[in-house]
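Asks: sequence and predicted model, in that order:
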Amino acid sequence: MRWLSISRRGLFRGAGIAAATGAVVGVLPGCTNPEQQEVPEPLVVDSDKAVNILEEYEETDLELKETNSWTIPLGSVLHEGTGTWLPVTQTGSSASPMVKGCVFSTDKGEVVEVLPDVRGDNHTTVIFDARCSDEVYAWIELDYLEHSWTLYAASLDNGKIGSDAATLWQADSDYEPPGFACVGKRVLWQVMPSIGGTKTKEHSFCYLWKLGGENAQAVVESPGRFAVGPCISGDVAVLVPRVRANEGVYYGVTAYAIDDDLATVVDQLVLPQTIKPFHAAYVGNRFAISIEASYSSGGMFGTMGTYIGPSEGPFVKLPREPSANVAGKGDQFIIKSRTSYFVVDVRKSTYSILTAVNRCVDYGEFPARVGQTDDFVTFATVKDEQSGYPSSVSVRSFAW
(Lines give C-alpha, C1' and ligand atoms only; values in the text may rest on other atoms or scores of the structure.)
Protein backbone atom coordinates (compact mmCIF):
# COMPACT_ATOMS: atom_id res chain seq x y z
CA MET A 1 0.00 0.00 0.00
CA ARG A 2 1.41 3.35 -0.95
CA TRP A 3 0.46 5.72 1.78
CA LEU A 4 -0.40 4.08 5.07
CA SER A 5 1.62 2.67 7.90
CA ILE A 6 0.04 0.55 10.61
CA SER A 7 1.44 0.14 14.09
CA ARG A 8 1.10 -3.17 15.88
CA ARG A 9 -1.80 -1.69 17.90
CA GLY A 10 -3.72 -0.95 14.72
CA LEU A 11 -3.43 2.85 14.71
CA PHE A 12 -2.75 4.91 11.61
CA ARG A 13 -0.32 7.49 10.43
CA GLY A 14 -1.14 8.86 6.99
CA ALA A 15 1.62 9.97 4.64
CA GLY A 16 1.01 12.17 1.63
CA ILE A 17 1.25 10.84 -1.93
CA ALA A 18 1.13 12.38 -5.37
CA ALA A 19 -2.35 11.91 -6.77
CA ALA A 20 -3.40 11.69 -10.39
CA THR A 21 -5.98 14.39 -9.81
CA GLY A 22 -7.85 16.18 -7.06
CA ALA A 23 -7.08 16.56 -3.38
CA VAL A 24 -5.47 13.74 -1.43
CA VAL A 25 -7.31 12.71 1.72
CA GLY A 26 -5.23 11.89 4.78
CA VAL A 27 -6.03 9.27 7.41
CA LEU A 28 -6.65 9.77 11.12
CA PRO A 29 -6.61 7.06 13.80
CA GLY A 30 -9.98 6.19 15.20
CA CYS A 31 -10.75 2.56 15.92
CA THR A 32 -9.28 0.64 18.82
CA ASN A 33 -7.78 -2.81 18.89
CA PRO A 34 -10.77 -5.13 18.29
CA GLU A 35 -9.38 -7.80 20.62
CA GLN A 36 -9.94 -5.39 23.52
CA GLN A 37 -13.62 -4.90 22.72
CA GLU A 38 -16.32 -7.02 24.33
CA VAL A 39 -18.36 -9.03 21.85
CA PRO A 40 -21.19 -11.52 22.40
CA GLU A 41 -20.64 -15.23 22.62
CA PRO A 42 -21.07 -17.06 19.30
CA LEU A 43 -24.72 -17.87 18.70
CA VAL A 44 -25.22 -21.56 18.01
CA VAL A 45 -28.83 -22.53 17.27
CA ASP A 46 -30.02 -26.09 16.68
CA SER A 47 -30.72 -26.67 12.99
CA ASP A 48 -34.37 -27.57 13.67
CA LYS A 49 -35.15 -24.50 15.79
CA ALA A 50 -35.74 -21.99 12.96
CA VAL A 51 -39.18 -21.67 11.40
CA ASN A 52 -39.06 -22.83 7.76
CA ILE A 53 -40.86 -20.18 5.72
CA LEU A 54 -41.76 -22.57 2.89
CA GLU A 55 -43.26 -25.16 5.27
CA GLU A 56 -44.84 -23.11 8.05
CA TYR A 57 -45.81 -19.77 6.47
CA GLU A 58 -48.94 -19.28 4.40
CA GLU A 59 -48.54 -18.24 0.76
CA THR A 60 -50.66 -15.20 -0.09
CA ASP A 61 -51.21 -12.79 -2.97
CA LEU A 62 -48.48 -10.22 -3.55
CA GLU A 63 -49.23 -6.90 -1.84
CA LEU A 64 -46.06 -5.17 -3.04
CA LYS A 65 -47.18 -2.76 -5.77
CA GLU A 66 -45.20 -1.90 -8.90
CA THR A 67 -45.10 1.90 -9.14
CA ASN A 68 -42.86 2.49 -12.16
CA SER A 69 -40.95 0.69 -14.90
CA TRP A 70 -38.36 2.01 -17.32
CA THR A 71 -36.20 0.74 -20.15
CA ILE A 72 -32.56 1.86 -20.23
CA PRO A 73 -29.66 0.93 -22.53
CA LEU A 74 -28.20 -2.56 -22.68
CA GLY A 75 -24.99 -2.83 -20.68
CA SER A 76 -26.25 -0.72 -17.77
CA VAL A 77 -25.64 -2.17 -14.29
CA LEU A 78 -27.31 -0.55 -11.30
CA HIS A 79 -25.59 -0.72 -7.93
CA GLU A 80 -26.89 -0.40 -4.39
CA GLY A 81 -28.04 3.06 -3.41
CA THR A 82 -30.34 4.79 -0.95
CA GLY A 83 -31.28 8.05 -2.65
CA THR A 84 -33.20 9.39 -5.63
CA TRP A 85 -30.05 8.89 -7.72
CA LEU A 86 -28.70 5.35 -8.04
CA PRO A 87 -25.14 4.52 -9.16
CA VAL A 88 -24.73 2.93 -12.59
CA THR A 89 -21.81 1.54 -14.53
CA GLN A 90 -22.39 1.34 -18.26
CA THR A 91 -20.41 -0.18 -21.12
CA GLY A 92 -18.76 2.39 -23.36
CA SER A 93 -19.50 2.74 -27.04
CA SER A 94 -15.90 1.81 -27.86
CA ALA A 95 -12.87 0.17 -26.24
CA SER A 96 -11.92 3.52 -24.71
CA PRO A 97 -13.58 4.01 -22.36
CA MET A 98 -14.65 0.45 -21.71
CA VAL A 99 -16.93 1.54 -18.85
CA LYS A 100 -18.61 4.86 -18.03
CA GLY A 101 -19.81 6.10 -14.65
CA CYS A 102 -23.46 7.15 -14.60
CA VAL A 103 -26.44 7.71 -12.31
CA PHE A 104 -30.07 6.70 -12.69
CA SER A 105 -32.90 8.96 -11.55
CA THR A 106 -35.81 7.17 -9.89
CA ASP A 107 -37.83 10.36 -10.38
CA LYS A 108 -37.26 10.82 -14.11
CA GLY A 109 -36.38 7.26 -15.08
CA GLU A 110 -33.30 8.29 -17.03
CA VAL A 111 -29.59 7.50 -17.01
CA VAL A 112 -27.22 10.48 -16.78
CA GLU A 113 -23.52 10.15 -17.60
CA VAL A 114 -21.25 11.67 -14.95
CA LEU A 115 -17.88 10.06 -15.72
CA PRO A 116 -17.27 9.76 -19.46
CA ASP A 117 -13.69 8.62 -18.91
CA VAL A 118 -11.17 7.61 -16.26
CA ARG A 119 -8.84 10.01 -14.47
CA GLY A 120 -5.90 7.62 -14.57
CA ASP A 121 -4.06 6.22 -17.62
CA ASN A 122 -6.90 5.55 -20.05
CA HIS A 123 -4.88 2.90 -21.90
CA THR A 124 -4.83 0.44 -18.99
CA THR A 125 -7.40 1.76 -16.50
CA VAL A 126 -11.15 1.19 -16.30
CA ILE A 127 -13.96 2.33 -14.03
CA PHE A 128 -14.37 -0.79 -11.93
CA ASP A 129 -17.27 0.07 -9.60
CA ALA A 130 -19.36 3.02 -8.38
CA ARG A 131 -21.61 4.01 -5.49
CA CYS A 132 -23.51 7.21 -4.71
CA SER A 133 -25.96 9.00 -2.49
CA ASP A 134 -27.84 12.11 -3.56
CA GLU A 135 -24.88 14.18 -2.35
CA VAL A 136 -21.70 12.25 -3.11
CA TYR A 137 -20.44 9.98 -5.90
CA ALA A 138 -17.58 7.52 -5.33
CA TRP A 139 -15.89 5.25 -7.83
CA ILE A 140 -12.96 2.85 -8.21
CA GLU A 141 -10.55 2.92 -11.13
CA LEU A 142 -8.60 -0.29 -11.73
CA ASP A 143 -5.43 -0.78 -13.74
CA TYR A 144 -6.13 -4.14 -15.35
CA LEU A 145 -2.45 -4.81 -16.07
CA GLU A 146 -0.98 -3.97 -12.68
CA HIS A 147 -4.17 -4.66 -10.69
CA SER A 148 -3.59 -1.46 -8.74
CA TRP A 149 -6.61 0.70 -7.94
CA THR A 150 -7.69 4.15 -6.80
CA LEU A 151 -10.84 5.21 -4.96
CA TYR A 152 -12.16 8.69 -5.80
CA ALA A 153 -15.13 10.70 -4.56
CA ALA A 154 -16.78 13.97 -5.57
CA SER A 155 -19.93 15.90 -4.80
CA LEU A 156 -23.13 15.04 -6.66
CA ASP A 157 -25.80 17.67 -7.23
CA ASN A 158 -28.98 16.86 -9.14
CA GLY A 159 -27.21 14.19 -11.17
CA LYS A 160 -24.12 16.27 -11.93
CA ILE A 161 -20.70 15.46 -10.51
CA GLY A 162 -18.66 18.32 -9.01
CA SER A 163 -15.14 19.38 -9.89
CA ASP A 164 -14.01 18.72 -6.31
CA ALA A 165 -12.88 15.12 -6.81
CA ALA A 166 -10.74 13.76 -3.97
CA THR A 167 -8.42 10.76 -3.96
CA LEU A 168 -9.50 8.67 -0.99
CA TRP A 169 -7.19 5.68 -1.40
CA GLN A 170 -4.62 4.07 -3.66
CA ALA A 171 -3.23 0.54 -3.39
CA ASP A 172 -1.50 -2.13 -5.42
CA SER A 173 -2.51 -5.74 -6.07
CA ASP A 174 -1.68 -6.78 -2.49
CA TYR A 175 -5.00 -5.20 -1.51
CA GLU A 176 -8.43 -5.93 -2.97
CA PRO A 177 -10.58 -3.24 -4.56
CA PRO A 178 -12.79 -2.32 -1.60
CA GLY A 179 -16.36 -2.91 -0.72
CA PHE A 180 -17.76 0.59 -0.31
CA ALA A 181 -20.96 2.58 0.15
CA CYS A 182 -22.25 6.15 0.22
CA VAL A 183 -24.83 7.63 2.58
CA GLY A 184 -25.59 11.34 2.82
CA LYS A 185 -22.23 13.11 2.61
CA ARG A 186 -20.32 10.07 3.87
CA VAL A 187 -18.26 7.49 1.99
CA LEU A 188 -17.39 4.18 3.70
CA TRP A 189 -14.83 1.76 2.32
CA GLN A 190 -12.95 -1.32 3.46
CA VAL A 191 -9.28 -1.94 2.83
CA MET A 192 -8.18 -5.53 3.22
CA PRO A 193 -5.34 -7.69 1.92
CA SER A 194 -5.81 -9.87 -1.14
CA ILE A 195 -6.08 -13.60 -0.52
CA GLY A 196 -3.03 -14.39 -2.64
CA GLY A 197 -0.90 -11.30 -1.97
CA THR A 198 2.08 -10.67 0.28
CA LYS A 199 0.06 -8.86 2.98
CA THR A 200 -2.34 -11.62 3.93
CA LYS A 201 -1.55 -11.40 7.66
CA GLU A 202 -2.39 -7.70 7.94
CA HIS A 203 -5.53 -6.44 9.62
CA SER A 204 -8.34 -4.94 7.58
CA PHE A 205 -9.96 -1.57 8.22
CA CYS A 206 -13.09 0.35 7.34
CA TYR A 207 -12.66 4.07 6.74
CA LEU A 208 -15.14 6.93 6.73
CA TRP A 209 -14.78 10.23 4.88
CA LYS A 210 -17.16 13.17 4.73
CA LEU A 211 -17.54 15.29 1.63
CA GLY A 212 -15.19 18.27 1.76
CA GLY A 213 -13.06 16.84 4.56
CA GLU A 214 -9.28 16.74 4.44
CA ASN A 215 -9.06 13.48 6.38
CA ALA A 216 -10.73 10.10 6.54
CA GLN A 217 -10.99 8.20 9.79
CA ALA A 218 -10.44 4.55 10.60
CA VAL A 219 -13.72 3.45 12.18
CA VAL A 220 -13.74 -0.37 12.27
CA GLU A 221 -10.81 -2.77 12.49
CA SER A 222 -10.92 -6.46 11.61
CA PRO A 223 -8.08 -8.85 12.57
CA GLY A 224 -8.38 -10.47 9.15
CA ARG A 225 -10.60 -9.90 6.15
CA PHE A 226 -14.16 -8.59 6.40
CA ALA A 227 -16.70 -11.18 5.31
CA VAL A 228 -18.76 -8.82 3.12
CA GLY A 229 -18.84 -5.19 2.03
CA PRO A 230 -20.74 -2.52 3.99
CA CYS A 231 -24.53 -2.42 3.74
CA ILE A 232 -26.37 0.85 4.40
CA SER A 233 -29.61 -0.10 6.11
CA GLY A 234 -31.66 2.89 7.19
CA ASP A 235 -29.77 4.68 9.96
CA VAL A 236 -27.20 1.92 10.46
CA ALA A 237 -24.30 0.50 8.49
CA VAL A 238 -23.85 -3.27 8.65
CA LEU A 239 -20.28 -4.59 8.56
CA VAL A 240 -18.97 -8.08 9.27
CA PRO A 241 -15.45 -7.93 10.77
CA ARG A 242 -13.54 -10.79 12.32
CA VAL A 243 -13.97 -10.92 16.10
CA ARG A 244 -12.69 -13.06 18.99
CA ALA A 245 -9.46 -13.48 17.07
CA ASN A 246 -7.66 -15.14 20.01
CA GLU A 247 -10.21 -17.97 19.97
CA GLY A 248 -10.49 -18.83 16.28
CA VAL A 249 -12.19 -17.58 13.10
CA TYR A 250 -15.42 -15.83 14.09
CA TYR A 251 -17.40 -13.22 12.16
CA GLY A 252 -19.43 -10.58 13.98
CA VAL A 253 -22.45 -9.33 12.01
CA THR A 254 -22.60 -5.80 13.40
CA ALA A 255 -24.95 -2.82 12.98
CA TYR A 256 -23.22 0.55 13.60
CA ALA A 257 -24.95 3.91 14.03
CA ILE A 258 -24.32 6.16 11.03
CA ASP A 259 -25.13 9.42 12.82
CA ASP A 260 -22.07 9.18 15.07
CA ASP A 261 -19.79 7.87 12.31
CA LEU A 262 -19.97 4.22 13.39
CA ALA A 263 -18.76 4.90 16.93
CA THR A 264 -21.78 3.09 18.43
CA VAL A 265 -22.57 -0.59 18.03
CA VAL A 266 -26.37 -0.80 17.77
CA ASP A 267 -26.56 -4.59 17.60
CA GLN A 268 -24.26 -7.54 16.99
CA LEU A 269 -24.54 -11.26 16.30
CA VAL A 270 -21.47 -13.49 16.33
CA LEU A 271 -21.74 -16.49 14.03
CA PRO A 272 -20.41 -19.93 14.98
CA GLN A 273 -16.76 -20.66 14.29
CA THR A 274 -15.61 -20.57 10.62
CA ILE A 275 -19.10 -19.72 9.28
CA LYS A 276 -18.86 -16.83 6.85
CA PRO A 277 -21.95 -14.94 5.67
CA PHE A 278 -22.54 -14.18 2.01
CA HIS A 279 -24.61 -11.05 2.73
CA ALA A 280 -25.93 -9.28 5.82
CA ALA A 281 -28.52 -6.54 6.42
CA TYR A 282 -30.49 -5.09 9.34
CA VAL A 283 -34.21 -4.38 9.00
CA GLY A 284 -36.74 -3.64 11.72
CA ASN A 285 -34.27 -4.49 14.53
CA ARG A 286 -33.68 -7.89 12.96
CA PHE A 287 -30.64 -9.23 11.17
CA ALA A 288 -31.04 -10.81 7.74
CA ILE A 289 -28.06 -13.11 7.16
CA SER A 290 -27.44 -15.08 3.98
CA ILE A 291 -25.28 -18.22 4.06
CA GLU A 292 -24.28 -19.58 0.64
CA ALA A 293 -22.47 -22.76 1.75
CA SER A 294 -23.23 -25.68 4.03
CA TYR A 295 -20.81 -26.50 6.85
CA SER A 296 -20.15 -29.64 8.83
CA SER A 297 -20.87 -27.80 12.07
CA GLY A 298 -22.47 -24.60 13.34
CA GLY A 299 -26.04 -25.76 13.82
CA MET A 300 -28.66 -23.70 12.00
CA PHE A 301 -26.19 -21.20 10.54
CA GLY A 302 -24.15 -24.08 9.13
CA THR A 303 -26.84 -24.75 6.52
CA MET A 304 -27.27 -22.79 3.28
CA GLY A 305 -30.12 -20.28 3.31
CA THR A 306 -31.29 -16.88 4.55
CA TYR A 307 -31.98 -16.35 8.26
CA ILE A 308 -34.04 -13.51 9.74
CA GLY A 309 -34.34 -12.62 13.42
CA PRO A 310 -33.07 -10.49 16.33
CA SER A 311 -29.53 -11.07 17.57
CA GLU A 312 -30.73 -13.35 20.38
CA GLY A 313 -33.26 -15.22 18.18
CA PRO A 314 -35.65 -16.77 17.35
CA PHE A 315 -35.16 -17.01 13.59
CA VAL A 316 -37.07 -17.83 10.46
CA LYS A 317 -35.28 -19.32 7.47
CA LEU A 318 -35.65 -19.55 3.72
CA PRO A 319 -33.72 -22.71 2.72
CA ARG A 320 -32.78 -21.55 -0.76
CA GLU A 321 -29.40 -20.58 -2.18
CA PRO A 322 -29.04 -16.79 -1.75
CA SER A 323 -27.90 -14.63 -4.65
CA ALA A 324 -28.28 -11.05 -3.35
CA ASN A 325 -28.63 -9.11 -0.13
CA VAL A 326 -32.00 -8.74 1.56
CA ALA A 327 -34.16 -5.60 1.43
CA GLY A 328 -37.10 -4.78 3.61
CA LYS A 329 -39.13 -2.44 5.76
CA GLY A 330 -40.52 -3.10 9.22
CA ASP A 331 -41.73 -6.71 9.35
CA GLN A 332 -41.41 -7.35 5.61
CA PHE A 333 -38.36 -8.78 3.87
CA ILE A 334 -37.57 -9.30 0.18
CA ILE A 335 -35.28 -12.25 -0.52
CA LYS A 336 -33.97 -13.02 -4.00
CA SER A 337 -34.08 -16.65 -5.09
CA ARG A 338 -32.76 -17.19 -8.61
CA THR A 339 -35.18 -15.38 -10.97
CA SER A 340 -37.90 -14.41 -8.47
CA TYR A 341 -38.20 -12.90 -5.00
CA PHE A 342 -39.88 -14.09 -1.84
CA VAL A 343 -41.68 -11.26 -0.03
CA VAL A 344 -41.90 -12.41 3.58
CA ASP A 345 -43.97 -10.89 6.40
CA VAL A 346 -42.59 -12.20 9.70
CA ARG A 347 -45.43 -10.66 11.75
CA LYS A 348 -48.25 -12.20 9.69
CA SER A 349 -46.30 -15.43 9.01
CA THR A 350 -46.99 -15.15 5.28
CA TYR A 351 -45.00 -15.03 2.06
CA SER A 352 -45.72 -14.15 -1.56
CA ILE A 353 -43.80 -14.31 -4.84
CA LEU A 354 -42.55 -11.33 -6.83
CA THR A 355 -41.94 -12.76 -10.31
CA ALA A 356 -39.26 -11.45 -12.62
CA VAL A 357 -39.98 -9.22 -15.60
CA ASN A 358 -40.88 -10.97 -18.86
CA ARG A 359 -38.02 -12.18 -21.10
CA CYS A 360 -35.28 -11.42 -18.58
CA VAL A 361 -32.09 -13.46 -18.79
CA ASP A 362 -31.67 -16.59 -16.71
CA TYR A 363 -30.74 -15.01 -13.37
CA GLY A 364 -33.67 -12.64 -13.28
CA GLU A 365 -33.77 -9.26 -11.58
CA PHE A 366 -31.23 -7.95 -9.10
CA PRO A 367 -31.89 -5.41 -6.33
CA ALA A 368 -30.66 -1.82 -6.46
CA ARG A 369 -32.01 -1.29 -2.94
CA VAL A 370 -30.86 -3.42 0.00
CA GLY A 371 -31.32 -3.23 3.74
CA GLN A 372 -33.97 -0.99 5.28
CA THR A 373 -35.66 0.92 2.46
CA ASP A 374 -38.87 2.84 1.79
CA ASP A 375 -39.14 1.48 -1.76
CA PHE A 376 -37.67 -1.40 -3.72
CA VAL A 377 -35.89 -1.09 -7.06
CA THR A 378 -34.77 -3.91 -9.35
CA PHE A 379 -33.00 -4.18 -12.70
CA ALA A 380 -32.66 -6.97 -15.25
CA THR A 381 -31.28 -7.53 -18.72
CA VAL A 382 -34.16 -8.32 -21.09
CA LYS A 383 -34.17 -10.26 -24.36
CA ASP A 384 -35.67 -8.95 -27.58
CA GLU A 385 -39.02 -10.59 -28.28
CA GLN A 386 -38.16 -11.38 -31.91
CA SER A 387 -34.45 -12.25 -31.90
CA GLY A 388 -34.15 -13.68 -28.41
CA TYR A 389 -30.91 -11.73 -27.83
CA PRO A 390 -30.41 -9.30 -24.92
CA SER A 391 -31.55 -5.88 -26.07
CA SER A 392 -32.15 -3.60 -23.08
CA VAL A 393 -32.25 -3.28 -19.30
CA SER A 394 -35.55 -3.11 -17.43
CA VAL A 395 -35.75 -1.13 -14.17
CA ARG A 396 -38.76 -1.46 -11.89
CA SER A 397 -39.74 0.20 -8.62
CA PHE A 398 -42.18 -1.07 -6.00
CA ALA A 399 -43.93 0.41 -2.97
CA TRP A 400 -44.91 -1.35 0.26
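Replies: Right, received. Where do you want to start?
Asks: okay, CA-based contacts and neighbour counts for the rest of this
Replies: OK.
Asks: in the stretch 101-250 of the chain, which spans are helices?
Replies: Shown for the stretch 101-250 of the chain, no helices are assigned by DSSP state H, counting those that start in this stretch.
Asks: low-scoring pLDDT stretches of the chain, where are they?
Replies: Counting by pLDDT under 70, the low-confidence segments of the chain come to 1-24, 29-37, 95, 122.
Asks: mind redoing it with 80?
Replies: Judged by pLDDT under 80, the chain has its weakly predicted residues at 1-24, 26-38, 93-96, 120-122.
Asks: contacts for stretch 335-350, please.
Replies: Stretch 335-350 has contacts (C-alpha atoms under 8 Å, 6 or more residues apart in numbering) with 53, 56-60, 62, 306, 316, 320-327, 331-334, 351-356, 362-366.
Asks: residue 83 belongs to a helix?
Replies: No: using DSSP: H, G, I helix; E, B strand; the rest coil, the assignment for residue 83 is coil, not a helix.
Asks: so it touches residue 131, yeah?
Replies: No: contact criterion C-alpha atoms under 8 Å: residue 83 and residue 131 do not qualify, at 10.9 Å.
Asks: okay, now residue 72: neighbour count?
Replies: Residue 72 sits with 18 neighbouring residues when counted by other C-alpha atoms under 10 Å.
Asks: what bridges to it?
Replies: Beta-bridge pairing for residue 72 (DSSP bridges): residue 393.
Asks: now do the contacts for it.
Replies: 110-111, 392-395.
Asks: select only the buried ones of those in ChimeraX?
Replies: Per 16 or more other C-alpha atoms under 10 Å, the buried members of the contacts of residue 72 correspond to this ChimeraX selection:
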select :111,392,393,394,395
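Asks: need the contacts of residue 72 in a markdown table with distance to residue 181, can you?
Replies: Converted to a markdown table, the contacts of residue 72 look like this (distance: C-alpha to C-alpha, whole Å):
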| residue | distance to residue 181 |
| --- | --- |
| 110 | 22 |
| 111 | 20 |
| 392 | 27 |
| 393 | 23 |
| 394 | 24 |
| 395 | 21 |
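Asks: residue 240: which of the contacts of residue 72 is nearest?
Replies: The closest of the contacts of residue 72 to residue 240 turns out to be residue 395 (C-alpha to C-alpha; 29.7 Å).
Asks: just give the nearest non-adjacent residue to the closest one, would you?
Replies: residue 379 (4.4 Å; C-alpha to C-alpha, 6 or more residues apart in numbering).
Asks: quick check on that neighbour: phi, psi?
Replies: Phi and psi for residue 379, reported as degrees, to the nearest 10, are phi -140, psi 150.
Asks: tell me how far it lies from residue 336.
Replies: Distance of residue 379 to residue 336, given as C-alpha to C-alpha, to the nearest Å: 12 Å.
Asks: what touches both of these two?
Replies: Counting by C-alpha under 8 Å, 6+ apart, the residues touching both residue 379 and residue 336 are residue 366.
Asks: residue 83 and residue 131 - which one has more neighbours?
Replies: Neighbour totals were compared for residue 83 and residue 131, and residue 131 leads with 29 against 18 (other C-alpha under 10 Å).
Asks: what bridges to the more buried one?
Replies: residue 138.
Asks: residues contacting residue 312?
Replies: Going by C-alpha under 8 Å, 6+ apart, the list of residues near residue 312 reads 43, 269.
Asks: any idea how far it lies from residue 268?
Replies: Residue 312 is 9 Å from residue 268, by C-alpha to C-alpha.
Asks: got it, and residue 138?
Replies: 28 Å.
Asks: more neighbours, those two?
Replies: Remark: of residue 138 and residue 268, residue 138 carries more neighbours, 29 against 20, as counted by other C-alpha under 10 Å.
Asks: doesn't residue 179 make contact with the more buried one?
Replies: No: the criterion here is C-alpha under 8 Å, and residue 138 misses it with residue 179 at 11.5 Å.
Asks: now stretch 361-379: how far from the chain's centre is it?
Replies: Offset of stretch 361-379 from its chain centre (C-alpha atoms, centre = their mean, to the nearest Å): 12 Å.
Asks: mind listing what's buried along it?
Replies: Residues of stretch 361-379 classed as buried by neighbour count (16+ other C-alpha under 10 Å): 361, 364-373, 375-379.
Asks: so who does residue 109 touch?
Replies: Neighbours of residue 109 in contact, by C-alpha under 8 Å, 6+ apart: residue 70.
Asks: now swap in residue 321 and tell me
Replies: When contacts are counted by C-alpha under 8 Å, 6+ apart, residue 321 touches 291-292, 304-306, 337.
Asks: which of those count as buried?
Replies: By 16+ other C-alpha under 10 Å, these give 291-292, 304-306, 337 as buried.
Asks: if I read this right, residue 153 contacts residue 137, doesn't it?
Replies: Yes: contact status for residue 153 versus residue 137: in contact at 5.5 Å, counting by C-alpha under 8 Å.
Asks: give me the more crowded residue out of the two.
Replies: Between residue 153 and residue 137, counted using other C-alpha under 10 Å, the more crowded position is residue 137 (34 against 29).
Asks: which SSE is the residue nearest to residue 353 when sequence neighbours are not counted in?
Replies: Spatial nearest neighbour of residue 353, chain neighbours left out: residue 342 (4.9 Å); criterion: C-alpha to C-alpha, 6+ apart. In this structure, residue 342 sits in strand 340-345 according to DSSP states H and E.
Asks: quick one: buried residues of that strand?
Replies: Those would be 340-345, for strand 340-345 by 16+ other C-alpha under 10 Å.
Asks: before we move on, what about stretch 94-102?
Replies: For stretch 94-102, by 16+ other C-alpha under 10 Å, it's 96-102.
Asks: and for stretch 293-301?
Replies: 293, 295, 298-301.
Asks: likewise stretch 313-332?
Replies: 315-329, 332.
Asks: which residues does the residue lying closest to residue 117 once chain neighbours are set aside contact?
Replies: Of all residues not flanking residue 117 in the chain, residue 97 sits nearest, at 5.8 Å (C-alpha to C-alpha, 6+ apart). Each residue near residue 97 by C-alpha under 8 Å, 6+ apart is listed here: 116-118, 122, 126.
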